[in-house]
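S.K.: sequence first, predicted coordinates after that:
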Amino acid sequence: MKYTKSGAKKYAKANMKGVWGGSLTPFTPKYAIDEDGFKYNIRYCSEVLELGGMYVNALQGESLYQTIAERKRIIKLAVEAANGGMAILAYTADNALENCVDLTRHAEETGADYVGIVNPKFYLVPMTDEGVFQYFKYIADRVNIGIFVLNQLEHGYLMSPELLSRISDLENVVGIKNIGPQPDILRSRILCGDKVVVSDSSESNWFMNLSVRGQEAMIADPDPYCLQSRKLRLVKEYTDLAMKGEIAKAWEAYKRLEPIRRALNTVMVRTKSHATYKYWTQCLGMVGGDGRVRLPHVELTDAEKRAIKAAVESTELV
């Protein structure tokens with residue numbers, strides 16, 4: 001690793017900057033992981049879009065529908081393809097605690113920069129703050145790599161800002177991706193922001209978070225590579241301008257993105273978001289596996305694909 005366990009927080013604060021994506025997983029016609037396609041997408045995001053990092057194989061990457069061996073393989077592919085050109089934040093959460101520790105150690109040994117772990121699942125018993133804290137402490141005590149906490153509703157609850165602050169005190173917890181109400185995100189930033197990186201993952205909020213609220217990094221979803229292309233990189237443009245203090249110019253670039261955001265939202269099939277993102281990126285020249293997803297997700301119809309292709313072609317991206 002590029003840092004010691006005791007130096008994880010300081011390293012992340014200095015290096016976890018700018019725009020990060022959240023990877024998708026392309027599948028072959030036989031629904032195997034398209035390894036070459038996945039590596040191409042990582043290189044494209046690093047070399048062409050110049051993203052600061054990639055949150056690899058999290059929930060948008062369909063990690064829930066992969067074996068442990070497949071998940072380990074994807075982490076290794078991501079590190080190899082990035083080749084130091086952008087940071088790799090590997091998603092290592094699993095309902096089985098020891099699987100999570102095993103995946104986290106694998107990410108550390110493989111050369112990932114950080115790992116991402118979601119709030120744990122409770123079944124038939126109420127969620128408790130103490131149980132959540134001890135879950136993260138158990139993992140943190142057994143690894144050296146920096147841990148980025150994902151706080152979201154997948155498991156039926158959100159961690160409070162106060163609980164997040166307590167977890168942030170763990171030696172190698174370095175950041176929080178907070179998908180919650182804006183007041184909670186603000187309070188998390190107040191309570192935790194001097195200790196760890198606190199990220200609102202929304203691209204539409206990024207301009208304000210960056211220029212006014214002091215957010216260091218947008219640890220995001222597919223938006224950073226769905227809203228940009230070889231031809232036009234407006235997210236990078238307004239981010240770079242805002243970081244240089246050229247706020248008026250940054251605002252103009254941010255506003256210019258609105259028709260692209262609207263085009264994507266118009267064709268987004270909410271029950272098929274993974275497939276929509278994959279096919280959209282395929283229309284931009286990335287590898288999307290024709291939108292293939294593993295069950296229980298349902299694939300796009302031909303009409304939905306035509307609508308997505310037309311929407312992409314209506315933007316400045318192609």
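M.R.: Yep, it's here.
S.K.: check contacts around the nearest residue to Leu51 once chain neighbours are set aside.
M.R.: If you skip the residues right next to it in sequence, Leu51 has Cys45 as its closest partner in space, 4.9 Å away by C-beta to C-beta, 6 or more residues apart in numbering. Where C-beta positions appear, they are placed from N, C-alpha and C, glycine not excepted. When the contact criterion is C-beta atoms under 8 Å, 6 or more residues apart in numbering, the partners of Cys45 are Gly21, Leu51, Met54, Met86, Pro224, Tyr225.
S.K.: any idea which of the residues you listed is the one closest to Arg166?
M.R.: Arg166 has its nearest neighbour among the contacts of Cys45 in Met54, at 28.5 Å by C-beta to C-beta.
S.K.: does that closest one count as helix, strand or coil?
M.R.: With DSSP: H, G, I helix; E, B strand; the rest coil as the basis, Met54 sits in strand.
S.K.: same question for Lys121.
M.R.: coil.
S.K.: ok, it touching His155?
M.R.: Yes - judged on C-beta atoms under 8 Å, Lys121 makes contact with His155 at a distance of 4.3 Å.
S.K.: residues near Glu154, how many?
M.R.: A count of neighbours around Glu154, defined by other C-beta atoms under 10 Å, yields 13.
S.K.: and it, what does it touch?
M.R.: Glu154 makes contact with Leu59, Val118, according to C-beta under 8 Å, 6+ apart.
S.K.: that one - that's part of a helix, no?
M.R.: Yes - counting by three-state DSSP, Glu154 is found in a helix.
S.K.: next one: it relative to Leu257, how far apart?
M.R.: Computed with C-beta to C-beta, to the nearest Å, the distance linking Glu154 and Leu257 is 28 Å.
S.K.: same question, Trp206
M.R.: Going from Trp206 to Leu257 by C-beta to C-beta gives 10 Å.
S.K.: distance of Asp240 from Arg187?
M.R.: Per C-beta to C-beta, Asp240 is found 29 Å from Arg187.
S.K.: next one: Val149
M.R.: Note on Val149: its distance to Arg187, by C-beta to C-beta, is 15 Å.
S.K.: excluding chain neighbours, what is closest to Thr25?
M.R.: Once its chain neighbours are removed from consideration, Thr25 has its nearest residue in Gly61; the separation is 4.8 Å (C-beta to C-beta, 6+ apart).
S.K.: more neighbours, Val149 and Arg187?
M.R.: Comparing Val149 with Arg187 by neighbour count (other C-beta under 10 Å), the higher total belongs to Val149, at 25 against 18.
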